[in-house]
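K.L.:
My questions are about this predicted structure, shown below with the sequence.
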Amino acid sequence: MNNPVRESLITLVMQHLGNKEYEVCLAVWFNRKAAGYRMAYLLEVAKEFDNLEMVHEQVNSFGLGAVKTLHHWMVSPARLEEILSKSNPADAGLRKMFGDFEVLSILPEPLGKLALEKFGADFVLPDGAVKCWYLSQAEWVKYRSEGGHYILNSRPTAAVSILVDSADFGQRKGIMFSPDVFSGRWSPNTAAGMSDRTWHQDWRQGKPGVFVFAGGRSYRTVAFEVVSLPSFSSRIVHPNPDHMYVQVLLKAE
């Protein structure tokens, strides 16, 4: 059974993720057991907030019927690092609430080392992984004609953990990862799960698209295959239970 407080907080966080005034890179529902069903505690980390600030308390304006009172703090990544470092006794009360929490959304890059260790271990890609954006054939034509600036304003849609790179970077082979649309959690693809992915559907229909990697390199899809890699499972936080992974072969455009 879904928790109505959690559902209400997700609704609120989704509203904030769509707010262009500031970029939310972490949203944490914390002190869950103590909160019950009439009160909630939310911490959001945004680049534009320099200090720890309570930004909302009453939530009637958000229409969150499951929550009577919301204690909602906004903090910058740098300020969160200070809180987690335990250098300021004034932050002790807030730190105590971090023992029972759930990460509702995360964008790991802006966060510091302590924040990632506390909140983001499950969201970090393995070494050698490169984030990328998948473009269909039609989107690739538009990207080349318009410069693709719109990509820079969107979250990556895939990642490839590179296993083999040719000397001239003309070909790449690696394991596919996909992010959860809301939380941002990265997970390795499975044989069953890849059937829902646009990049696999396009390839099966004979219309392979292009992966634009962070840094600018672009690669056309050549093939996908499901491979058994027990050794790869030791490199990631949540491996596929059967150690079967989706491998992609790419050729430079």
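P.N.:
Arrived safely, thanks for sending. Numbers count the residues shown, from 1 in each chain.

K.L.:
Looks to me like M176 is in a helix.
P.N.:
No. Counting by DSSP: H, G, I helix; E, B strand; the rest coil, M176 falls outside a helix, being strand.

K.L.:
and it, what pLDDT?
P.N.:
Model confidence at M176, expressed as pLDDT, equals 96.

K.L.:
Now do the end-to-end distance for stretch 43-51.
P.N.:
Across stretch 43-51, the terminal residues are separated by 13 Å (Cα to Cα, to the nearest Å).

K.L.:
That one: how far from the chain's middle?
P.N.:
18 Å (Cα atoms, centre = their mean, to the nearest Å).

K.L.:
From here on, call the first residue 554.
P.N.:
I'll keep to 554 as the first residue from here, and by that count the last item is stretch 596-604.

K.L.:
Give me the contact list for it.
P.N.:
Stretch 596-604 is contacted by residues 566, 569, 574-581, 583, 625-633, 647, 663-664, 668 when judged by Cβ atoms under 8 Å, 6 or more residues apart in numbering. Every residue, glycine included, has its C-beta placed from N, CA and C.

K.L.:
Filter these down to the buried ones and express that as a ChimeraX selection.
P.N.:
Listed next is the ChimeraX selection for buried residues among these, using 16 or more other Cβ atoms under 10 Å:
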select :566,569,577,578,579,580,581,583,625,626,627,628,629,630,632,633,647,663,664,668
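
K.L.:
Cross-reference the contacts of stretch 596-604 with the helices and report the matches.
P.N.:
Judged by DSSP state H, helices contain the following of the contacts of stretch 596-604: 566, 569, 630-633, 647, 668.

K.L.:
Turn those into JSON lines, columns for pLDDT and distance to P741.
P.N.:
As requested, the ones in helices among the contacts of stretch 596-604 are exported to JSON lines (pLDDT from 0 to 100; distance: Cβ to Cβ, whole Å):
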{"residue": "V566", "pLDDT": "85", "distance to P741": "25"}
{"residue": "H569", "pLDDT": "78", "distance to P741": "29"}
{"residue": "P630", "pLDDT": "92", "distance to P741": "27"}
{"residue": "A631", "pLDDT": "91", "distance to P741": "32"}
{"residue": "R632", "pLDDT": "90", "distance to P741": "33"}
{"residue": "L633", "pLDDT": "92", "distance to P741": "28"}
{"residue": "L647", "pLDDT": "84", "distance to P741": "34"}
{"residue": "A668", "pLDDT": "90", "distance to P741": "24"}
